[in-house]
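**Q** whatever this is, show me its structure:
(2 chains)
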There are 2 protein chains.
Amino acid sequence: MEIPTAEIVCLGNELLMGVTTNTNATFLGDHLTKLGYEVRRITSIRDDLTLAVEFLHEVFDRKPAVILMSGGLGPTYDDIQLEVLSKATGLELEENAIALEQVIEFYRKKGAGLTKERRKMAFMPFGSTVLKNYVGGAPSCYITYKEIDIFCLPGVPTEMKDIFSRHIVPLLKEKNNLELYEKRFQIFQSIESQLAPFILAIKNKFSNLYIKSHPSYKDKVGVIIHISGLGKDVNQEVDEAINELQTIIKENIPNIRIESLVD
Amino acid sequence: MEIPTAEIVCLGNELLMGVTTNTNATFLGDHLTKLGYEVRRITSIRDDLTLAVEFLHEVFDRKPAVILMSGGLGPTYDDIQLEVLSKATGLELEENAIALEQVIEFYRKKGAGLTKERRKMAFMPFGSTVLKNYVGGAPSCYITYKEIDIFCLPGVPTEMKDIFSRHIVPLLKEKNNLELYEKRFQIFQSIESQLAPFILAIKNKFSNLYIKSHPSYKDKVGVIIHISGLGKDVNQEVDEAINELQTIIKENIPNIRIESLVD
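**A** Numbers count the residues shown, from 1 in each chain, chains lettered A, B, ... in the order given. Below is the predicted model of the structure:
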């Protein structure tokens, strides 16, 4: 069972300057994981053509199955996502007729005309397939380059989420029929270092599952444990690992309270 | 004026799986920027020794002035930050007496003893300086390697913030006396594509300032503009750029409403 890999690339100085929290990466990481992709890296880079092109070359060399790019599709001078992609792939930017129609329609509804800045949003790397943006002005697109599927998304979260769910999820499902099965539970009045040997024992026994603990520092003090796996018949294995882990913990720490968690 | 560069490296599968939003990167990006550092990349990577060591080698090759690492200092099997750093630098992990004392003291106060898992947190790359964790159990540390200052932080936000503010800010200030001067304002009832030509004109005139617009999609609809610069006498230049930009916008869009923003 080979798990396809993914990288998330976020463009925007505001991310690096700490002006904006990268919730797009959270959304995309969550969905890619549940669609059976292993997200290998999430990188935020600056709106700098040279640095960004250099960075994309590195990503291409790692040969992930998919790249999701977010941020920088808009009309301003520092919206350079498609220029970066064009330079990095060598696929020339050309005015895409379908994208241009969408841009014209979007601004016509606002009672505005086409300007040079708006027209720029219809220039896409040669061979791109347009993904219509139903929320904002900048059309999205995707291309396949060196067997990597590259999806271009805007940075505004409402636009990004709509395009991802509407257009990209079906394409990703088509390419990968693995799915993630995950369960979580919380242990109260305990700390990670107390549980570490039990977690490790289960981890060693169920080596193809992913087992992770982290302190729950938000609502209730304790430790949250995730157990997940990818595949068709992994449900049973996850349930078994959870039972065994909870049993060991209860045997070793009398009166401990454990609760299942639901999303 | 050479601006020192920084990279933020976050370890933790939970970030890549979209279980946790990377607010640590926001905090660190904001503070590094205000301390006069240019944050070049923020990368989240998995708790995978081989991939993480490979990644750190790439970061070292880019020679940033500082690297801030966050996540993976704890007691569980997948807390591998210091092991990664040790493998990547070739500086052997050794039990640090000061760190060990802090670990023992932390658990003694909880009425708990030293276990193998807790003891692990006192193993640091040879030559590390310990940074005491006043909030949680895992001590932090820093080392200088190939002229890069590498700071190791835990992933739990309350611990990370306390260690950063208490120990690391003074060290970073010592190394860099540049500071960021920034102002923001909001333009109402407008969209980025309408403002793009005016922003570009000011950007071209004030080439050493950083000028960024982004849609304000949270509270009030409009566009937020940031203008900032680094250095000692940059205040005046930022103020001038703001005046000129607001004047052009008002001349071109009658009755437009503009408001200054304060953090």
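**Q** drop to CA atoms for contacts and neighbour counts, all remaining ones
**A** OK.
**Q** mind jotting down where the strands sit in chain A?
**A** Remark: strands assigned in chain A by DSSP state E are A:5-11, A:38-45, A:66-70, A:93-95, A:123-125, A:129-131, A:140-145, A:148-153, A:180-188, A:210-216, A:222-230, A:258-261.
**Q** what is the mean pLDDT for the fifth one?
**A** On average, the pLDDT along strand A:123-125 is 98.
**Q** over to the fourth one?
**A** Averaging pLDDT along strand A:93-95 gives 97.
**Q** cool, the second one as well?
**A** Taken as a whole, strand A:38-45 has an average pLDDT of 97.
**Q** residues contacting it, please?
**A** Strand A:38-45 has contacts (C-alpha atoms under 8 Å, 6 or more residues apart in numbering or on different chains) with A:3-13, A:15-16, A:25, A:29, A:32-33, A:52, B:16-17, B:40-46.
**Q** just want the angle from it to strand B:5-11.
**A** Strand A:38-45 runs at 160 degrees relative to strand B:5-11, counting by axes from the mean of the first three to the mean of the last three C-alpha atoms, to 10 degrees.
**Q** got the residues of the stretch 151-263 of chain A near chain B?
**A** Within the stretch 151-263 of chain A, the positions adjacent to chain B are A:Val156, A:Glu192, A:Ser193, A:Ala196, A:Pro197, A:Leu200, A:Lys212, A:Ser213, A:Pro215, A:Tyr217 by C-alpha under 8 Å from any C-alpha of the partner chain.
**Q** off-centre distance for stretch A:207-220?
**A** Computed by C-alpha atoms, centre = their mean, to the nearest Å, the chain-centroid distance of stretch A:207-220 equals 20 Å.
**Q** oops, could you answer that again for stretch A:118-132 instead?
**A** For stretch A:118-132, the distance to the chain centre is 22 Å (C-alpha atoms, centre = their mean).
**Q** stretch A:8-27 now?
**A** That offset, for stretch A:8-27, works out to 12 Å (C-alpha atoms, centre = their mean).
**Q** quick check: end-to-end length of it?
**A** 11 Å (C-alpha to C-alpha, to the nearest Å).
**Q** go on, stretch A:173-182?
**A** Start-to-end span of stretch A:173-182 (C-alpha to C-alpha) is 18 Å.
**Q** which residues does it contact?
**A** Identification of contacts with stretch A:173-182 by C-alpha under 8 Å, 6+ apart yields A:3-4, A:33-36, A:226-232, A:234-235, A:238.
**Q** what sits against A:Leu200?
**A** Counted by C-alpha under 8 Å, 6+ apart, A:Leu200 has contacts B:Thr76, B:Tyr77.
**Q** so how far is A:Lys250 from it?
**A** If you go by C-alpha to C-alpha, the gap between A:Leu200 and A:Lys250 works out to 16 Å.
**Q** and for A:Ile45?
**A** Taking C-alpha to C-alpha, one finds A:Ile45 at 46 Å from A:Lys250.
**Q** between these two, who's got more neighbours?
**A** A:Ile45 (22 against 14; other C-alpha atoms under 10 Å in any protein chain shown).
**Q** mean pLDDT for the strands of chain A: which is lowest?
**A** strand A:210-216 has the lowest average pLDDT among those, namely a mean of 85.
**Q** determine the longest helix present in chain A.
**A** In chain A, with assignment by DSSP state H, the single longest helix is helix A:234-252.
**Q** mind giving me the packing neighbours of it?
**A** On a contact count with 3 or more C-alpha pairs under 8 Å, 6 or more residues apart in numbering or on different chains; DSSP states H and E, helix A:234-252 meets strand A:180-188, helix A:192-205, strand A:222-230.
**Q** go again using 7 Å as the cut-off
**A** When contacts are defined as 3 or more C-alpha pairs under 7 Å, 6 or more residues apart in numbering or on different chains; DSSP states H and E, helix A:234-252 sits against helix A:192-205, strand A:222-230.
**Q** list the buried residues in stretch A:194-212.
**A** Buried residues in stretch A:194-212, counted by 16 or more other C-alpha atoms under 10 Å in any protein chain shown: A:194-200, A:202-203, A:206, A:209, A:211-212.
**Q** repeat that for stretch A:62-81.
**A** Going by 16+ other C-alpha under 10 Å, stretch A:62-81 has these buried residues: A:64-81.
**Q** which residues does A:Lys68 bridge with?
**A** Quick fix: residue A:68 reads Leu, not Lys. A:Ile8, A:Phe151 (DSSP bridges).
**Q** that should have said A:Arg41, apologies.
**A** Note on A:Arg41: beta-bridge partners by DSSP bridges are A:Glu7, B:Ile45.
**Q** surely A:Ile148 and A:Pro64 touch.
**A** Yes. The criterion here is C-alpha atoms under 7 Å, and A:Ile148 meets it with A:Pro64 at 6.5 Å.
**Q** re the thing from before, ok, which pair from the buried residues of stretch A:194-212 is furthest apart?
**A** Spatial extent of the buried residues of stretch A:194-212 (C-alpha to C-alpha) is set by the pair A:Gln194 and A:Leu209 at 21.4 Å.
**Q** using the record's assignment, carve chain A into domains.
**A** According to automatic domain parsing, chain A comprises the domains A:5-175, A:180-261.
**Q** how many neighbouring residues does A:Glu94 have?
**A** For A:Glu94, the count of nearby residues is 15 (other C-alpha under 10 Å).
**Q** neighbours of the closest residue to it other than its chain neighbours, how many?
**A** Leaving out its chain neighbours, the residue that sits closest to A:Glu94 by C-alpha to C-alpha, 6 or more residues apart in numbering or on different chains is A:Phe123, at 5.0 Å. Neighbour count of A:Phe123, defined by other C-alpha under 10 Å: 19.
**Q** quick one on the thing from earlier: among the contacts of strand A:38-45, which ones are buried?
**A** A:4-13, A:15-16, A:25, A:29, A:32-33, A:52, B:16-17, B:40-46.
**Q** using PDB, list the CA coordinates for stretch A:68-85.
**A** Written as PDB, here are the backbone C-alpha positions of stretch A:68-85 (Å, rounded to 0.1, in the frame of the first residue of the first chain):
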ATOM      1  CA  LEU A  68      -1.500  22.600  -3.200                       C
ATOM      2  CA  MET A  69      -0.600  26.200  -3.500                       C
ATOM      3  CA  SER A  70      -2.500  29.000  -1.800                       C
ATOM      4  CA  GLY A  71      -2.200  32.800  -1.800                       C
ATOM      5  CA  GLY A  72      -1.300  35.300  -4.500                       C
ATOM      6  CA  LEU A  73      -3.900  34.800  -7.300                       C
ATOM      7  CA  GLY A  74      -5.200  38.400  -6.900                       C
ATOM      8  CA  PRO A  75      -4.800  41.600  -8.900                       C
ATOM      9  CA  THR A  76      -2.000  43.400  -6.900                       C
ATOM     10  CA  TYR A  77       1.600  43.600  -7.800                       C
ATOM     11  CA  ASP A  78       2.600  41.100  -5.200                       C
ATOM     12  CA  ASP A  79       0.100  38.400  -6.200                       C
ATOM     13  CA  ILE A  80       2.600  36.300  -8.000                       C
ATOM     14  CA  GLN A  81       1.500  32.700  -7.600                       C
ATOM     15  CA  LEU A  82       0.900  31.900 -11.300                       C
ATOM     16  CA  GLU A  83       4.000  33.800 -12.400                       C
ATOM     17  CA  VAL A  84       6.100  31.700  -9.900                       C
ATOM     18  CA  LEU A  85       4.600  28.500 -11.200                       C
END
